[in-house]
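1. only geometry, no sequence info:
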């Protein structure tokens, strides 16, 4: 019985991660209230979930605010750019769906174009904040890196998107009884699931020997820095 109550026991470690996700959900909601801080909050959530997946020790609250502070400027700029682009895509897509102007062929082509751009936007959004949480880059690089990696790891991208959508649909519509999961864990639950994929993907881009004085590493250097 002494082994069961040992905090290093896999059962307790598993339960501990669930409590961390609940705490992360509270932090994420509170820190996202101003809206423009959603990027920094998302980055901070991924910073913690990536550590949880790698079974690295650390305090959840301290780690969250550490990442929130360090990545606030870059993550906020990235979020505002993505939010503006998303609004433009939504308005254009809605316009061609609801407005009976132009030929059917033209509308079909435009819907296909904006639909494809929306998929690219979603793929970039899926990758960019985990990248910001795990690697150091200048402001202009994470969006490009996210696009590049979402294509290079296409199967993982499809897998993460399908699982995320599946969890939300099942919880809210098909099996509302388990919707409590989204209330308790919220976005951090999806971030934790995605981090299982990202942890393996990012290993390919890590240097063979990591510097001891930082947990953030360059993914692709800017040309002027080479």
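-> Received it, and whenever you're ready, just let me know what you need. Computed from a prediction, not measured in an experiment: that's the story for all the values here.
2. what's the single longest helix in this protein?
-> helix 104-134 (DSSP state H).
3. tell me what that helix is packed against?
-> Judged by 3 or more Cβ pairs under 8 Å, 6 or more residues apart in numbering; DSSP states H and E, helix 104-134 is in contact with helix 38-53, helix 72-98, helix 142-152, helix 154-169, helix 180-203. Every residue, glycine included, has its C-beta placed from N, CA and C.
4. Next, residue 136: phi, psi?
-> phi -100, psi 130 (degrees, to the nearest 10).
5. how close does it sit to residue 148?
-> Relative to residue 148, residue 136 is positioned 17 Å away (Cβ to Cβ, to the nearest Å).
6. Show me the shaky parts of this protein.
-> For the chain, residues meeting the criterion pLDDT under 70 lie at 1-15, 99-102, 139, 174-179, 208-226.
7. and residue 158, how many residues sit next to it?
-> Using other Cβ atoms under 10 Å, residue 158 has 12 neighbouring residues.
8. ditto for residue 192
-> 22.
9. tilt between the helix or strand containing residue 16 and helix 180-203?
-> Per DSSP states H and E: residue 16 is located in helix 10-32. Orientation of helix 10-32 against helix 180-203 (axes from the mean of the first three to the mean of the last three Cα atoms, to 10 degrees) gives an angle of 100 degrees.
10. Going by neighbour count, list what's buried in helix 10-32.
-> Of all the residues in helix 10-32, those buried under the rule 16 or more other Cβ atoms under 10 Å are 17, 20-21, 24-25, 27-28, 31-32.
11. Pull the distance from stretch 33-46 to the chain's centre.
-> Relative to the chain's own centre, stretch 33-46 is displaced by 10 Å; criterion: Cα atoms, centre = their mean, to the nearest Å.
12. Next: stretch 89-96.
-> With Cα atoms, centre = their mean, you get 25 Å for stretch 89-96.
13. neighbouring contacts of it?
-> For stretch 89-96, the surrounding residues in contact (Cβ atoms under 8 Å, 6 or more residues apart in numbering) are 107, 110-111, 114-115, 117-118, 121.
14. Next, the buried residues of it.
-> Across stretch 89-96, burial judged by 16+ other Cβ under 10 Å covers 89, 92-93, 96.
15. And for stretch 155-167?
-> For stretch 155-167, the neighbour count (16+ other Cβ under 10 Å) marks 156-157, 160-161, 164, 167 as buried.
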